[in-house]
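Participant: for reference, the sequence and a predicted model appear below.
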Number of protein chains: 2
Amino acid sequence: MRLIDCCSVLLLLVLFPRACQGGNILVLPIEGSHWINMDILLQALHLRGHNITIVCSSKSWYIKDSSSYYNTYTVQVERILDQELLTGMISSIIESERGNLPFVNFLHLTVGLFSTFVDIHTNVGKFVSTILDDKELMRTLKDGKFDMVLTDPCWGHGVILAKYLNLPLVYNVRWMIAGEGHFAVAPSPISYIPITGSGNTDKMTFFQRVKNTILHIITQTQHQLVTKLTYQKICDKYLGPDYDYNQLVLNADIWLMRVDFVFEFPRPTMPNVVYMGGFQCKPAQPLPEHLEEFVQSSGEHGVIIMSLGTFVSELPAEITNEIAATFAKLPQKVIWKHKGGRPATLGNNTLIVDWMPQNDLLGHPKMKLFVAHGGTNGVQEAIYHGVPVVGLPVFFDQYDNLLRLQERGVAKLLTIKTVDEDNNFLKAIQEVLNEPSYRMNMQRLSRLHRDQPMKPLDTALFWIEFVMRHKGAAHLRTESYRMPWYSYHSVDVALFLLTIALVVLLIVIGLVWSCFRLCCKSKVKSDKTVKKE
Amino acid sequence: MRLIDCCSVLLLLVLFPRACQGGNILVLPIEGSHWINMDILLQALHLRGHNITIVCSSKSWYIKDSSSYYNTYTVQVERILDQELLTGMISSIIESERGNLPFVNFLHLTVGLFSTFVDIHTNVGKFVSTILDDKELMRTLKDGKFDMVLTDPCWGHGVILAKYLNLPLVYNVRWMIAGEGHFAVAPSPISYIPITGSGNTDKMTFFQRVKNTILHIITQTQHQLVTKLTYQKICDKYLGPDYDYNQLVLNADIWLMRVDFVFEFPRPTMPNVVYMGGFQCKPAQPLPEHLEEFVQSSGEHGVIIMSLGTFVSELPAEITNEIAATFAKLPQKVIWKHKGGRPATLGNNTLIVDWMPQNDLLGHPKMKLFVAHGGTNGVQEAIYHGVPVVGLPVFFDQYDNLLRLQERGVAKLLTIKTVDEDNNFLKAIQEVLNEPSYRMNMQRLSRLHRDQPMKPLDTALFWIEFVMRHKGAAHLRTESYRMPWYSYHSVDVALFLLTIALVVLLIVIGLVWSCFRLCCKSKVKSDKTVKKE
């Protein structure tokens, strides 16, 4: 452990010794890459002496029934989110991107995506119903003397359970049911805050703003629809008729947001939003011997790594062949996390692996370039280690994540559609390798990201423990969301003041008109008098 | 120095050693209590090894020409802000509050206040013109190799000079030219954010919201008017025609806000707003011997202190007599910072002083109650030390500051108008002393306030040094303020989409109408054919 880490731990222990008494945390995690994030927090909380209890479904992908740092209550469910379904959907998205799907199939895919989306939340709804109906489990949870609930509000089970158990609530969050987390909690002028999927940045043309607005309306409608169809029904049944699910969501004490403003475009925020972007990043550890040997063999040219994340099982053969052929032309050594068959065009300089120590490779001095799909974890690790990126996004937020890097001059973006045309892949790699601004800008971002009063993970731990120490953080939360929309936006006040102004105007016009008529009358009268005379 | 302080300093030095190289900071402070705040920051910056240069006016109240921790350039001006004028105005406000001013005089006072307000900013405008016209001084400043400008944007000279010298800009801020700082930088829904002077909290009735809206319009008009009359002209003359003063204000890198959310109502904020509320607070030091003796003589009853700040030179005799008589009835000992003559009703338990070590007294274990006027410094010190308050506000933000404490159940508010009626003062003191909730709530606030990842002063220093290290903090600042208002609020997009919707609707109606007519026609035709047959 380095001096700097020792100091940090020492200060945390001196300043916040109460934390070491150990809190009792109930965790309602969600699946997929969201669990990978949550797991990092849980390990750190365990190290700080806290007791962790997880309620998860029997269809969980990664959460183990027994672990050295958490207890689990596994609830039997039929289905939540099928890994095969997701992988299949991603393949369809790639096909659609490549233009290999006829229009009817494309429509079918779109409808399929939305119905899968509703289906997942319906399943989560059944999951939380099963928990609430399980009297023994609920008695155990009530008697568990938990200090707080930690959840990811992308699914609604944690929010409902926290209210049912009347416990303080902390989010590990970036996405809500539909849309980015900030849109739920902070004022979000859509004139400069891009909607995920819009492909916009924070500087938009008029028509980009039109697109942004339409997408915002769609996202919000989708959110309201899914909420009404699933979670609101459960609130009505288990909490009573006075609880609005969307208000419960806003009742959280702290939102630990998985971004920071080195990565995300600056935008309005709230006092109970805490930024922990890059909390998963850590200094590189030594590589396994065979990898270190391979990396060192690259000489002065250095190393490129490529990974398209967990869910992209197989790219179309023409793309993998193009990628392999491109790599073969480079003087660098390449480590490629690749799941499909061995491409025919693979060069001697390319090592194909099932898994790689991505963080340790990115932090290696020989690292030159990261070919990434744009998942949040990889993007944050690239920023942390200052490695420029060639981006090949596949689905969801990946394009938008990479766009943020491209906007800052630290990445070059490609699309699945055209990556294998006109040497696009080779040109992008050469541009990022040979144009020094990419590396310099990324290293500037890295310096900015690392220059924080506390490390992001320590910040997250501090605020989780804060909520336990003070039984919430109500003083940081506005209660404005309890207002009806017309009051929140002062529509009623505006109408009232306009009415008053109108009445005053009418009275003034009336008075002036009366005076005018009076003057006319008296003039006519005096004229008549003059005539009579 | 306690272990905790040692650790804090050690961590600051280990984590941010570059700061110790010493930056070069140009400071444009403002007068009155604002300087007291700024001075605390400057002393801390000096201790961290930074070079501080102040440009101040020859009519400065407190800023000394020579100091051990800053250099000064004094610029000759005729007038900026007369201390006597301000003291006189406060007396008039008290008279007005007491209802001793006839209506004509009250109107005169209101107009006088506004013209004084314009006058001060006109003088500040002349001050910055004098600086910019002083070629030698400007050459010195340009050659000074400053890393940044630190200013309080309540006056506009620092903003303009920072732009002229093209330097990063940090604010020590709570107030702008008119209104509270947040209103300039962050979205501020006036439906739940009270305007200073409205007497509203963050929960308003319909008519309170109407009042809030009207006051917001007045404040914003006042701001625009003063800006146009003074600072915009200087921008046009010295910076060129393309610079809008209000945009320059928003160009600051960091806003060090002199509040926190233990004190202020929660509200939207921005990534470049840093909260340093309570940065002036520190642990109590031992009292001077005679004061310690007086305090100890209070026995189990403890001590009350009373201070109405720097500017209230004299309260009306009937009030001071009532205050003195009330104190005489109490079993506590009282220390009263009082400038006028000795009240006839003064009891033996009351010590009148010219000055007192307020922070050390508030932190004394015998301290029971603070009778305060509601200045930000005093209020923050009361929160820091957990001492409940009886509030007697006089002018400006004092009522609103105390209202925030009253809303949290830690203070009882009185008014100058009725403080000497119906034993109001005695009742308020007895309520706060005897009702344990006041002390318990205030000690809860104190715990919340002290429970931060870093001390507020260290946070402020960190961000000042951050700006010097990275030559600004542009990544934390939205550039949305460069958009025209109709784009920012998406008015153009809304009109465009409504037009499209209207056109589509008209086309659909037209088509339906055409079909209908076509059907009718063919029916008439077929009827005719039938008839013919």
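Facilitator: Thanks, I have the structure now.

Participant: now the strand or helix carrying A:Ala428: buried residues?
Facilitator: Assigned by DSSP states H and E, A:Ala428 belongs to helix A:424-434. For helix A:424-434, burial by neighbour count (16 or more other C-beta atoms under 10 Å in any protein chain shown) applies to A:424-426, A:428-430, A:432-433. (C-beta placed from N, C-alpha, C; glycine too.)

Participant: what's next to stretch A:160-169, contact-wise?
Facilitator: Contacts to stretch A:160-169, defined as C-beta atoms under 8 Å, 6 or more residues apart in numbering or on different chains, come from residues A:26, A:28, A:55, A:128, A:131-132, A:141-142, A:146-149, A:151, A:158-159, A:231, A:234-235, A:238-239, A:243, A:245, A:248, A:251-253, A:467-468, A:471-473.

Participant: got a ChimeraX select line for the buried ones in the residues you listed?
Facilitator: In ChimeraX, this line selects whichever of these come out buried by 16+ other C-beta under 10 Å:
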select /A:26,28,55,128,131,132,141,146,147,148,149,151,158,159,231,234,235,238,239,243,245,248,251,252,253,467,468,472,473
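
Participant: show residues contacting stretch A:276-285.
Facilitator: By C-beta under 8 Å, 6+ apart, stretch A:276-285 touches A:2, A:36-37, A:40-41, A:256-260, A:262-264, A:357, A:359-364, A:377, A:380-381, A:383-385, A:449, A:455-457, A:459-460.

Participant: and the end-to-end length of that stretch?
Facilitator: 22 Å (C-alpha to C-alpha, to the nearest Å).

Participant: flag every buried residue along it.
Facilitator: Across stretch A:276-285, burial judged by 16+ other C-beta under 10 Å covers A:276-282, A:284.

Participant: now the two most distant members of these.
Facilitator: A:Met276 and A:Ala284 (20.3 Å; C-beta to C-beta).

Participant: and the pLDDT for the spatially most central residue of chain A?
Facilitator: Against the mean C-alpha coordinate of chain A, by C-alpha atoms, centre = their mean, the closest residue is A:Arg174 at 2.6 Å. If you check A:Arg174, the pLDDT there is 94.

Participant: and the strands in chain A?
Facilitator: For chain A, the strands defined by DSSP state E cover A:24-28, A:51-57, A:71-75, A:148-151, A:169-173, A:254-257, A:273-275, A:303-307, A:333-337, A:350-353, A:367-372, A:389-391, A:411-413.

Participant: which stretch among those strands comes nearest B:Lys523?
Facilitator: Set against B:Lys523 and scored by C-beta to C-beta, the strands of chain A come closest in strand A:411-413, at 60.1 Å.

Participant: ok, that closest one: who's next to it in the sheet?
Facilitator: strand A:389-391 (parallel) (DSSP bridges).

Participant: mind listing what's buried in the partner strand?
Facilitator: Going by 16+ other C-beta under 10 Å, strand A:389-391 has these buried residues: A:389-391.

Participant: got it, and stretch A:22-42?
Facilitator: Buried residues in stretch A:22-42 (16+ other C-beta under 10 Å): A:23, A:25-31, A:33-35, A:37-42.
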